[in-house]
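**Q** take a look and give me a structure for this.
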Amino acid sequence: MPRNRRKFPVAVIEANLTPMIDVTFLLIVFFTLVSGIADNERVDMALARVTPGASAQANEDSRVMLNVIPATDGRIGGYLLAGETFDATPDGVARLADTLTGLYRRNPNLAVNLRADRATMYEWVEPAMRATTTAASLAGGGALPRLNLVVLEEVDREETETISTQRSTNGGGRGGT
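**A** Coordinates of the predicted model:
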């Protein structure tokens, strides 16, 4: 008895590209947002240079970037913290300390990465350092001021941004390396 062979139609296989396009657009949005956040933390400046071995890479778990915005003749245009600009006046430094206090209350292990142009005079950097130690003291809860100075390290003629770890454990001093 002969068998009836049925010919099945050839199946057309098509790839559904919609999920892949969705993921691609999500990645584009993600990288656009992340690059915008990274740009808010950086100010163009010439950082201090150190020799290799004079600095150590800091832990990046819980940190905030504090920029001393450079101006002409070693002066500054203010301070930039988490996208917010503070004036270089006593009131601006007090507002900076209040903002840092709130950050320390949320995370007592917060590290503040301080970036300043090498041409900026110390008299403008010191208020930012003082605001950090004051904020940690006011926050309570065992918050210790952890201040990391960001510098450039010269390695085989290539400059890499490094964070020199400075810790202050007495709550009011500047700490050592």
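**Q** hey, which helix or strand in this structure has the poorest pLDDT?
**A** Of all the helices and strands that make up the chain, strand 158-167 has the lowest average by mean pLDDT, DSSP states H and E, namely a mean of 52.
**Q** contacting residues around the nearest residue to residue 76 once chain neighbours are set aside?
**A** In this structure, residue 76 finds its nearest non-sequential neighbour in residue 124, 4.4 Å apart by C-beta to C-beta, 6 or more residues apart in numbering. (Each C-beta comes from the backbone N, C-alpha and C, glycine too.) Residue 124 makes contact with 68, 74, 75, 76, 88, 116, according to C-beta atoms under 8 Å, 6 or more residues apart in numbering.
**Q** over to residue 76?
**A** Remark: with contacts taken as C-beta under 8 Å, 6+ apart, residue 76 is in contact with 68, 69, 70, 88, 120, 124.
**Q** just among those, which is most surrounded?
**A** Ranked by neighbour count under the definition other C-beta atoms under 10 Å, the contacts of residue 76 are headed by residue 68 with 23 neighbours.
**Q** which residues are contacting the longest helix along the chain?
**A** Across the chain, the longest stretch assigned as helix under DSSP state H is helix 18-41. Helix 18-41 is contacted from outside by 65, 67, 80, 82, 83, using C-beta under 8 Å, 6+ apart.
**Q** and those, which is closest to residue 141?
**A** Among the contacts of helix 18-41, residue 82 lies closest to residue 141 (C-beta to C-beta), at 19.9 Å.
**Q** how about the strands in the protein?
**A** Using DSSP state E, the strands of the chain run over 49-50, 63-70, 76-81, 84-86, 111-116, 146-155, 158-167.
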